[in-house]
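Colleague: Give me a model of this one.
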Amino acid sequence: MKVDLGRYGLGTAPLGGLFAPVSEEQAEEALAAAWHAGIRYFDTAPHYGSGLAEERLGRFLRGLPGNAGKAVVSTKVGRVLVPGRGEEDGFPGRDGHVRVRDYSRDGVLRSLEDSLARTGLDRFDLVLIHDPDDHWEQAAGEAYPALAELRDQGVIGAIGAGMNQAEMLTRFVLETDVDAVLVAGRCTLLDRSAAVELLPACERRGVAVIAGGVFNSGVLAGGATYDYAAAPPEVLERARELERLCSSYGVPLPAAALRFPHRHPAVTTVLIGARSAAEVREDLDLAAADVPEQLWKDLDDAG
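Modeller: I've put the predicted structure just below:
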């Protein structure tokens, strides 16, 4: 993939209010902390706060005169915002907006036009088909060709798909000409299912892998949520086992979780998701921690 995403990027779902609202000031401080730490790749989507994350990211980048062009931005298609009231998947409701699934060609073009308006950008470096779990035919038959045409015309940069599962992402890699995939929660210490078929396929075909959800939405960072819901008791116990193993080497579990995806050569970028400047700095400090090779071996054995 021609676009350089960097080793770490910032996912903006928390800045769109995932699980709890985030103030404008807090969001701007988090974005500034990431920028000052050297992060240049930012991932967003209309889904995150019904466009709120896109708007906040766009305002921040427009406030970087002379530097905004150095940013690499990805957004997603597949959910179009229409007038109404609604709430979905952990995001607080936002007056005036409802998400509607639409993977048609017209839906893709409308979604991109709306995202450009919200961000104030003139193009996106990467566009991902977002969560088409129950919409393979339309996503592969309409959304993908539309994005491929825009890529060929130079209107957008790279294209791909972003999902919380590995199986359909593997289909995209094998059956289309995507540049990248964003796999959330399936390339983690708790769930390594992406390593079965997806990561080897990406490595063979030269498709970049962006690993998101490396904390499985919180349980690997001391929280009690797993895949955006309350973690089952067996998952909590599994996380505690991993934490005890990491602690025996003096390594925080979140540090190992952040470093883990990069152990596979297909993974180019790990997304951190932070809702404050302090969380950004903490995550990047953890990502820089030393993890002994023996701990990786022990974690592999335990896995």
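Colleague: Only C-alpha atoms from now on, for both contacts and neighbour counts.
Modeller: Fine.
Colleague: Next, give phi and psi for the residue of the chain most remote from its centre.
Modeller: Taking Cα atoms, centre = their mean, the residue of the chain most remote from its mean C-alpha position is S248, at 30.4 Å. Torsion angles at S248 (phi, psi; degrees, to the nearest 10) stand at phi -70, psi -20.
Colleague: for the one 3 residues further on, same thing?
Modeller: Recorded main-chain torsions at V251 are phi -110, psi 130, according to degrees, to the nearest 10.
Colleague: could you check the distance from L258 over to V196?
Modeller: In this view, L258 and V196 are 20 Å apart by Cα to Cα, to the nearest Å.
Colleague: can you map out the strands along the stretch 1-150 of the chain?
Modeller: Under the criterion DSSP state E, counting those that start in this stretch, the stretch 1-150 of the chain contains strands at 8-11, 41-43, 72-77, 79-82, 98-101, 126-130.
Colleague: Ok, which of the ones you listed comes nearest G120?
Modeller: strand 72-77 (12.0 Å; Cα to Cα).
Colleague: Identify the residues contacting that closest one?
Modeller: 3-5, 40-46, 103, 107-108, 111-112, 115, 124-130, 162 (Cα atoms under 8 Å, 6 or more residues apart in numbering).
Colleague: Find the centremost residue of the chain, please.
Modeller: Central residue of the chain (Cα atoms, centre = their mean): G212, 4.4 Å from the mean position.
Colleague: show me the contacts for that one.
Modeller: G212 makes contacts with G11, L182, V183, A184, G185, C187, V270, L271, I272, as judged by Cα under 8 Å, 6+ apart.
Colleague: ok, those residues vs E149, which is closest?
Modeller: Minimum distance to E149 across the contacts of G212 is 20.6 Å, recorded for L182 (Cα to Cα).
Colleague: lowest-confidence stretch among the strands of the stretch 1-150 of the chain?
Modeller: Averaging pLDDT over each of these singles out strand 98-101 as the lowest, with a mean of 90.
Colleague: what about dumping the CA coordinates of that strand to CSV?
Modeller: Extracted C-alpha coordinates of strand 98-101, given in CSV (Å, rounded to 0.1, in the frame of the first residue of the first chain):
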residue,chain,number,x,y,z
VAL,A,98,-30.0,8.3,12.5
ARG,A,99,-27.7,5.8,10.9
VAL,A,100,-29.0,3.8,7.9
ARG,A,101,-27.1,0.9,6.4
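Colleague: Find the nearest non-adjacent residue to E243, please.
Modeller: L253 (5.2 Å; Cα to Cα, 6 or more residues apart in numbering).
Colleague: since we're on that neighbour, how many residues are nearby?
Modeller: L253 has 22 neighbouring residues, counting by other Cα atoms under 10 Å.
Colleague: sorry, back to before: looking at the contacts of G212, which are in strands?
Modeller: Within the contacts of G212, membership in strands is found for G11, L182, V183, A184, V270, L271, I272, as judged by DSSP state E.
Colleague: Kindly state the beta-bridge partners for the third one.
Modeller: This means V183. The residues listed as beta-bridge partners of V183 by DSSP bridges are M163, A211.
Colleague: nearest to L242, of the strands of the stretch 1-150 of the chain?
Modeller: For the strands of the stretch 1-150 of the chain, the distance to L242 is smallest for strand 8-11, at 23.1 Å, taking Cα to Cα.
Colleague: Now do the closest one: which elements does it pack against?
Modeller: Under the contact criterion of 3 or more Cα pairs under 8 Å, 6 or more residues apart in numbering; DSSP states H and E, the helices and strands touching strand 8-11 comprise strand 41-43, strand 267-273.
Colleague: Of all those strands, which one comes closest to V235?
Modeller: Using Cα to Cα and comparing those, the one that lies nearest V235 is strand 267-273, at 20.8 Å.
Colleague: check contacts around Y144.
Modeller: Y144 makes contact with I129, T176, according to Cα under 8 Å, 6+ apart.
Colleague: Over to S115?
Modeller: Listed by Cα under 8 Å, 6+ apart, the contact set of S115 reads P46, G51, E54, T75.
Colleague: Check those residues and tell me the two furthest apart.
Modeller: In terms of Cα to Cα, these reach their longest pairwise distance at G51 and T75, which sit 10.7 Å apart.
Colleague: Touching both of the two, which residues are there?
Modeller: By Cα under 8 Å, 6+ apart, G51 and T75 have these common neighbours: A45, S115.
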